[in-house]
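Student: the following comprises the amino acid sequence and a computationally predicted model.
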Amino acid sequence: LRTLTATDVAKMLSDMCKATPERPGGYSQTARRLARGVLRRAIRYAEQQGLVTRNVAAIASGPRKTQAVGRTMGRDEALAFVKSVRGHRLEAAFVVALGCGLRVSELGGLAWSDVKLTEKPATITIVRGLKRVPGLGLVAEEVKTARSHRTLHLPQPAIDALKAHKKRQAAERLALGDRW
């Protein structure tokens, strides 16, 4: 342990990138990051115990996290998508998600009390999202951060889709009566 250097840690991380018969693509970036983290914590403990004077795993450069390049729909793609979901039971959800850029969990957490169609401009307020809880299933919980809690202006296609959805939902409620 005392002879371990930052270069040794860097070589270990580099070797983890190399292909092997068991791992043709080498270890993933996440696996390399986790391996360095475990080593860093173990050496920190040895440092606290006075077994080493410095944490070489903390000094060594870790794997760089690559940012995935996001892709958004173009105007023509968005129009084609909206056209393809027209009449679908979840049309309003699709149109609102597309028009407002909502996460699936945020979309699932919306309630009619969060939707203000009669205000000028019409808005939705994101206050909760759906989260999967073991043993309970999907549970609506408050969004995690203050930045996630927000009010968004609705584009006209989303307003139209929500109005139609509310009308459809009212008809379903009336038809089902007590079973609603």
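Tutor: It's in.
Student: now the residue most central in space within the chain: closest residue in space that isn't a chain neighbour?
Tutor: The centroid of the chain falls nearest to Arg103 when counting by C-alpha atoms, centre = their mean (7.1 Å). Spatially, and ignoring its direct neighbours in sequence, Arg103 is nearest to Gly129 (6.9 Å; C-beta to C-beta, 6 or more residues apart in numbering). C-beta: built from backbone N, CA, C; applies to glycine.
Student: the one you found: what secondary structure?
Tutor: strand (DSSP: H, G, I helix; E, B strand; the rest coil).
Student: was I right to think it contacts Leu138?
Tutor: No. Gly129 sits out of contact with Leu138 when judged by C-beta atoms under 8 Å, with a separation of 10.1 Å.
Student: pull up the overlap in contacts between the two.
Tutor: Common neighbours of Gly129 and Leu138, using C-beta atoms under 8 Å, 6 or more residues apart in numbering, are Gly108.
Student: compare these two (neighbour count), which wins?
Tutor: Taking other C-beta atoms under 10 Å, Gly129 and Leu138 do not tie; Gly129 has more neighbours (21 against 12).
Student: tell me what that one is bridged to.
Tutor: On the basis of DSSP bridges, Gly129 is bridged to Glu141.
Student: residues touching it, list them.
Tutor: The neighbourhood of Gly129, defined by C-beta under 8 Å, 6+ apart, consists of 103, 105-106, 108-109, 140-141, 143-144, 148.
Student: so which of those residues are in strands?
Tutor: Using DSSP state E, the members of the contacts of Gly129 that fall in strands are 140-141.
Student: which one of the contacts of Gly129 is nearest to Arg41?
Tutor: Checking the contacts of Gly129 against Arg41 with C-beta to C-beta, the nearest one is Lys144 at 25.9 Å.
Student: where does pLDDT dip in this protein?
Tutor: The model of the chain has pLDDT under 70 over residues 65-66.
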